[in-house]
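>>> Compute the structure for the input listed below.
(2 chains)
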There are 2 protein chains.
Amino acid sequence: MSDYAQLLEVALEEARAGRAEGGIPIGAALFAGDGTLLGRGHNRRVQDDDPSVHGETDAFRNAGRRRSYRDTIMVTTLSPCWYCSGLVRQFGIGTVVIGESRTFAGGADWLREAGVTVVDLDPSECFDLLQAFIAEHPEIWDEDIGE
Amino acid sequence: MSDYAQLLEVALEEARAGRAEGGIPIGAALFAGDGTLLGRGHNRRVQDDDPSVHGETDAFRNAGRRRSYRDTIMVTTLSPCWYCSGLVRQFGIGTVVIGESRTFAGGADWLREAGVTVVDLDPSECFDLLQAFIAEHPEIWDEDIGE
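Down below sits the predicted model:
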């Protein structure tokens, strides 16, 4: 088993980078089962005016094409929304490591029911980073989750 | 009500463009409720080596940022996979028009249960275009749906 807390640190670096760019501070990274980094990314709705770039979809894209995702680990600072949960399920990503699910529960339970291993680490920084952004820009957050 | 068959023609043009480029022939387009085109696109896994670009996600991206999707119509030549069904559900897209669901059932029933209006038109060209591609490149198709 990889050290999930260490993998989450990469997603957190992405979230911090998003914050520094003025964007929604959610980051993600896709790893091979042995902990090798395959791709990393962060939400860029604000930076690129692109609603399709969530942290998870950005990390997935940056990992390039793969024949199988069964042994991969998607690490994200926030529980994946339906869009990103659907990505995990469609491509058969075997494990999801979540930074926090207090702000947004997302599809974590749906993924567990589909046989995905879901680990919720909940370090305070993931929650604090996003909550600070939402307090400043509630309308951008609502837009990002379609509410 | 918009003329769904006419809207599907735009998605079909995208699918044909994908085929002409050597890619997976699946196209999509996002429309406002009155039939105004917001964005269109097609699968570009092969062309861009980008596994994140399905027809629906490409059309969604090309439509740019929006505050609400409730009145929008996502038109796609193939029933949306979990990834694209999750997109529809997360952003509250109200209607999905499907070209065919014989090759791949996708999340159509799941979306119906979540209150999305799903219309399956099933003109033969959508099915024939994709089946011809799958016969030539079964391994690319399996890769695209994570199997």
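
>>> Please count neighbours and contacts with C-alpha atoms only from this point.
OK.

>>> Let me see the ranges of the strands in chain A.
A:27-31, A:37-42, A:73-76, A:95-98, A:117-120 (DSSP state E).

>>> of all those strands, which lies closest to chain B?
Taking Cα to the nearest Cα, strand A:37-42 is the member of the strands of chain A nearest to chain B, at 12.4 Å.

>>> That closest one vs strand A:27-31, what angle?
170 degrees (axes from the mean of the first three to the mean of the last three Cα atoms, to 10 degrees).

>>> tell me the mean pLDDT over strand A:37-42?
The pLDDT scores in strand A:37-42 average 98.

>>> Same check on stretch A:89-103?
The average pLDDT for stretch A:89-103 rounds to 97.

>>> buried set for that stretch?
Using 16 or more other Cα atoms under 10 Å in any protein chain shown as the burial criterion, the residues of stretch A:89-103 that qualify are A:89-101.

>>> returning to what we had before: output the strands of chain A as a markdown table; include the columns distance to residue B:66.
Formatted as a markdown table, the strands of chain A follow (distance: least, Cα to Cα, whole Å):
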| stretch | distance to residue B:66 |
| --- | --- |
| strand A:27-31 | 22 |
| strand A:37-42 | 20 |
| strand A:73-76 | 24 |
| strand A:95-98 | 27 |
| strand A:117-120 | 31 |
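
>>> on that earlier part again, report the entries of the buried residues of stretch A:89-103 that also contact chain B.
By Cα under 8 Å from any Cα of the partner chain, the members of those lying near chain B are A:89-92.

>>> ok, longest helix in chain A?
helix A:4-20 (DSSP state H).

>>> can you tell me which residues contact residue A:100?
Counting by Cα atoms under 8 Å, 6 or more residues apart in numbering or on different chains, residue A:100 touches A:77-79, A:120-123, A:126-127.

>>> 6 Å instead?
Listed by Cα atoms under 6 Å, 6 or more residues apart in numbering or on different chains, the contact set of residue A:100 reads A:78, A:122.

>>> rewinding a little: which helices and strands does the longest helix of chain A pack with?
When contacts are defined as 3 or more Cα pairs under 6 Å, 6 or more residues apart in numbering or on different chains; DSSP states H and E, helix A:4-20 sits against strand A:27-31.
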